[in-house]
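Undergrad: no sequence for this one, just the structure:
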């Protein structure tokens, strides 16, 4: 938008209706345009006054916080410590989930080794269809005619030592 | 990395001193947000305590490249408040709060605003509270609510129009 453009009255009304009459609450990208629109469009000043009255009402609604920092610190003190930020990725995160206690550090390596074993056992026990496909492929492989006859030796034509020298 | 982001990083390593600094800075705003959004002091206290507990336990989830700390905490508060209202069967997008809690220390004018806010649909009230009272930008409020900025502005226009009519009728 250039400095010379004036936003439409309806756009200005929508922005004032959303953000009220205080320019500090207007989105920064609209402030100058709204200022120009208010000066340009008749009737927007009246809308500004209505929105200013609503802003005054909203400002009158104060709340008194009741929770103290000590309350929070007391509750957090009895809670579980924060989870350490993991730098070693998903496996570390998975192990944290599986064995969260620091007392079980010695078991973590063994658990890590067992994970692929269990995954392999699970795959081996469930993926029967894949095995059949492999067996089928092997059958095709061994029964195929690759023309090996062409490479069979013609024994009669060989000059075997001790024969044919007579 | 900002000072606040560094504090959150320290909290993620179990630094209770950094946690206390963050709580001191953000506790009043988070409780005020929960109170105005939920209209129920007891529920707001529960939600605020839960948010602070999440700050302690989930500080490692914070990504300083994506949001300011205050925006992240408001998002935690928003989600926690919605969960709380769902558990107590008070939540639908269009629902208003049935019984705004009395607050004897407030003025009549303040009570009128509180009652009018309580009768707004929940998403309109949330949009207004986040942008007007919590000093969040329209983009931050929209992100917290999972909306686009235009949708947020539409909610704000409807909320302020309804409030203005309600308050004029009360006078």
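TA: Perfect, thanks for sending it. All figures in this text were calculated on a predicted structure; none of them were measured in a lab. Numbering: from 1, shown residues only, chains lettered A, B, ... in the order given.
Undergrad: secondary structure class for residue A:64?
TA: State at residue A:64, reduced to three classes by DSSP: H, G, I helix; E, B strand; the rest coil: coil.
Undergrad: Can you get me a residue count around it?
TA: By the criterion of other Cβ atoms under 10 Å in any protein chain shown, residue A:64 has 12 neighbours. Heads up, the C-betas are built off the backbone N, CA and C, glycines and all.
Undergrad: What pLDDT is listed against it?
TA: For residue A:64, the pLDDT comes out at 90.
Undergrad: Please apply the same query to residue B:42.
TA: 93.
Undergrad: How much space separates it from chain A?
TA: Note on residue B:42: its distance to chain A, by Cβ to the nearest Cβ, to the nearest Å, is 10 Å.
Undergrad: near chain B, which residues of chain A?
TA: Proximity of chain A to chain B (Cβ under 8 Å from any Cβ of the partner chain) is limited to residues A:14-15, A:17-20, A:25, A:27, A:50-51, A:53-54, A:57-58, A:60-67, A:69, A:71-73, A:75-76, A:79-86.
Undergrad: Mind giving me the ChimeraX select for the residues you listed, buried ones only?
TA: Of those, the buried ones go into a single ChimeraX selection, burial set by 16 or more other Cβ atoms under 10 Å in any protein chain shown:
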select /A:14,15,17,18,19,20,25,50,51,54,57,58,60,61,63,65,67,71,72,73,76,82,83
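Undergrad: What about the residues of chain A next to chain B, which are in helices?
TA: Those of the residues of chain A next to chain B mapping onto helices are A:14-15, A:17-19, A:50-51, A:53-54, A:57-58, A:60, A:69, A:71-73, A:75-76, per DSSP state H.
Undergrad: residue ranges with poor pLDDT in chain A?
TA: In the predicted model of chain A, residues A:1-4, A:80-108, A:127-142, A:144-166 satisfy pLDDT under 70.
Undergrad: try 80 this time
TA: Low-confidence segments of chain A (pLDDT under 80): A:1-5, A:77-112, A:126-166.
Undergrad: How about chain B?
TA: Residue ranges of chain B with pLDDT under 80: B:1, B:89-109, B:170-171.
Undergrad: for the residue most central in space within it, helix, strand, or coil?
TA: Nearest residue to the geometric centre of chain B (Cα atoms, centre = their mean): residue B:33, 3.6 Å. With three-state DSSP as the basis, residue B:33 sits in helix.
Undergrad: now swap in residue B:63 and tell me
TA: Relying on three-state DSSP, one would call residue B:63 coil.
Undergrad: Next, it: phi, psi?
TA: Per-residue torsions, residue B:63: phi -120, psi 110 (degrees, to the nearest 10).
Undergrad: The residue lying closest to residue A:23 once chain neighbours are set aside: neighbour count?
TA: Sequence neighbours aside, residue A:31 is the residue nearest to residue A:23 in space, at 5.9 Å (criterion: Cβ to Cβ, 6 or more residues apart in numbering or on different chains). By other Cβ under 10 Å, 14 other residues sit near residue A:31.
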